[in-house]
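> coords below, sequence missing:
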DNA sequence: GTATATACCTATCAGCGAAAGGCATGATGA
DNA sequence: TCATCATGCCTTTCGCTGATAGGTATATAC
């Protein structure tokens, strides 16, 4: 029933897109990503760790990210950065994202650019 | 893996949103909606009948649409129109849609509006 | 010394769009 | 005439994926 989920649908593919985008600027670790997404979107999008960590693992398994372990203050952080393939995928996802969102935005605004 | 699906992800909640939006202008029947979505989005979004019909039924079951059968040329068309609840839901979904897409767009553009 | 923040992780679940079917009528055309 | 396509409705099965809810461990703050 989803009493009141933080994110109201429209989230398909968004976690991967955000993770790839943020990591394309600089390497980050999972916990950091979770809060970065919160902060940068001003709470508009809040991804739990249970979403981000599996996403990171899947992206790495797909060759889109690579990781490196760094011990910091006795704790171990796993830093991720994008690979070349990851950056290419990011471009493709961004293009798709624009296509879809522009199309939906057009419908919402009531544009009637019908061909026939 | 999705060899090559027509719509590249980012489609969560979109069918319901489009259906509610289009029906808020005028009543339409399922088959008509399928093609309207194709046409208005210039093929950017193509929803198969197997997506649209279940969506219509679910929306009607939820009280967001109501239907009326009209015989046309011996065939029967089922016309759908939005209810008051449907229009309210459309507003809410549109607001959510804007929030999410604006947030993602901000991240893509690399805005760093961090509060702290 | 107990809670909170940090930092990692997994397993289970539900929702939803995609795909692939099926049924029936009317028009087209070879 | 007979087949094919467009119209118009529908359902079932499937897989993906985000959400939820856990679990572990250390360091710091109160």
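Right, received. Where do you want to start? Keep in mind that this is a model prediction, so the values were computed, not measured.
> mind listing the strands for chain A?
Listed in chain order, the strands of chain A (DSSP state E) span A:28-29, A:65-72, A:75-82.
> Deepest-packed of those, please.
Each of these was scored by mean neighbour count; the highest is strand A:28-29, a mean of 19, by mean count of other C-beta atoms under 10 Å in any protein chain shown. (Glycine included, C-beta is placed from N, CA and C.)
> mind listing what it pairs with, with the direction of each?
Note on strand A:28-29: by DSSP bridges, its sheet partners are strand A:75-82 (antiparallel).
> can the strand it pairs with be found next to DNA strand C?
Yes. Strand A:75-82 lies within reach of DNA strand C by C-beta under 7 Å from any atom of the strand, at A:75, A:76, A:77, A:78.
> pLDDT wise, what is the residue lying closest to the second one once chain neighbours are set aside at?
By the measure of C-beta to C-beta, 6 or more residues apart in numbering or on different chains, the closest residue to residue A:76 outside its immediate chain neighbours is residue A:69, 5.6 Å from it. Per-residue pLDDT puts residue A:69 at 95.
> quick one on the thing from earlier: could you dump the residues of strand A:75-82 next to DNA strand C to TSV with pLDDT and distance to DNA strand D?
Compiled in TSV, those are given as follows (pLDDT from 0 to 100; distance: C-beta to the nearest atom of the strand, whole Å):
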residue	pLDDT	distance to DNA strand D
A:75	85	6
A:76	87	9
A:77	95	12
A:78	97	13
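> can you list those in JSON lines and add distance to residue A:14?
Formatted as JSON lines, these follow (distance: C-beta to C-beta, whole Å):
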{"residue": "A:75", "distance to residue A:14": "29"}
{"residue": "A:76", "distance to residue A:14": "28"}
{"residue": "A:77", "distance to residue A:14": "24"}
{"residue": "A:78", "distance to residue A:14": "22"}
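> From residue A:15, how far off is the residue in chain A positioned nearest to DNA strand D?
Among all residues of chain A, residue A:50 sits closest to DNA strand D, at 2.5 Å; criterion: C-beta to the nearest atom of the strand. Distance, residue A:50 to residue A:15, by C-beta to C-beta, to the nearest Å: 11 Å.
> Comparing those two, which shows the higher neighbour count?
residue A:15 (21 against 9; other C-beta atoms under 10 Å in any protein chain shown).
> OK, contacts around the nearest residue to that one once chain neighbours are set aside?
With sequence-adjacent residues excluded and distances taken as C-beta to C-beta, 6+ apart, residue A:15 is closest to residue A:55, at 4.9 Å. Shown here is residue A:55, whose contacts under the criterion C-beta atoms under 8 Å, 6 or more residues apart in numbering or on different chains are A:15, A:16, A:19.
> How about the contacts made by residue A:110?
Counting by C-beta under 8 Å, 6+ apart, residue A:110 makes contact with residue B:25.
> What values do phi and psi take at it?
Backbone torsions of residue A:110, given as degrees, to the nearest 10, read phi 80, psi 30.
> which strands and helices sit next to the longest helix belonging to chain A?
As assigned by DSSP state H, the longest helix anywhere in chain A is helix A:84-109. Helix A:84-109 sits against helix A:14-25, helix B:14-25, helix B:30-40, helix B:84-109, with contacts defined as 3 or more C-beta pairs under 8 Å, 6 or more residues apart in numbering or on different chains; DSSP states H and E.
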